[in-house]
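Visitor: just a sequence and a predicted model for now, questions to come.
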Amino acid sequence: QRILHQHYKPSHKQIIPRYIKQIMPVIIITGHPRIGKTRTAQLIAERAANMPDSPYNTITIVNEESAMPSKTKHDAYCNSHAEKSTRAALKSAFERALCGRNGNATNLVILDSLNYIKGYRYELHCIARAHRQQ
């Protein structure tokens, strides 16, 4: 007998307002390909921008297309060397977006990528924490 598991997927209305009410500079979205990370990032950005008295001056979504516009997602992850350079480009674009043009602490940066490596996510956390302390 085979048991099928139903995954609980809270609606976007349930998860988004809880996160964007606080002033936080970074949201890192992680997950497998084609599960809706990009759509979720767009919804979060849209709702954060449309909030009355929004605490954010700028909202930036960092993804493969914005970090490496000359490559497709397939080219960015076709082998381990390309994936390593993609992660490096994402990290530098993330840091540039976090600092912003004027170094304002009210920038919201949403990183929309696979982000499946725990050590890589920790590096991003350290970058965000260092930016917060400046």
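Guide: It's in.

Visitor: got the contact list for stretch 66-77?
Guide: Residues outside stretch 66-77 that contact it (CB atoms under 8 Å, 6 or more residues apart in numbering): 64-65, 82-83, 86, 89-90, 92-93, 114. Quick note: C-beta positions are derived from backbone N, CA and C, even for glycine.

Visitor: start to end distance for it?
Guide: Stretch 66-77 has an end-to-end distance of 15 Å (CA to CA, to the nearest Å).

Visitor: check stretch 111-122 too.
Guide: End to end - CA to CA - stretch 111-122 spans 13 Å.

Visitor: residues contacting the nearest residue to residue 56 once chain neighbours are set aside?
Guide: Closest residue to residue 56 apart from its sequence neighbours, by CB to CB, 6 or more residues apart in numbering: residue 108 at 4.4 Å. Contacts for residue 108 (CB under 8 Å, 6+ apart) come out as 20, 24-27, 45, 48, 56, 58-60.

Visitor: of the contacts of stretch 66-77, buried ones?
Guide: Those of those that meet the buried threshold are 64, 86, 89-90, 93, 114, by 16 or more other CB atoms under 10 Å.

Visitor: chain center to the helix or strand harbouring the residue nearest to residue 56, what's the gap?
Guide: Assigned by DSSP states H and E, residue 108 belongs to strand 107-112. Put simply, strand 107-112 sits 5 Å off its chain's centre (CA atoms, centre = their mean, to the nearest Å).
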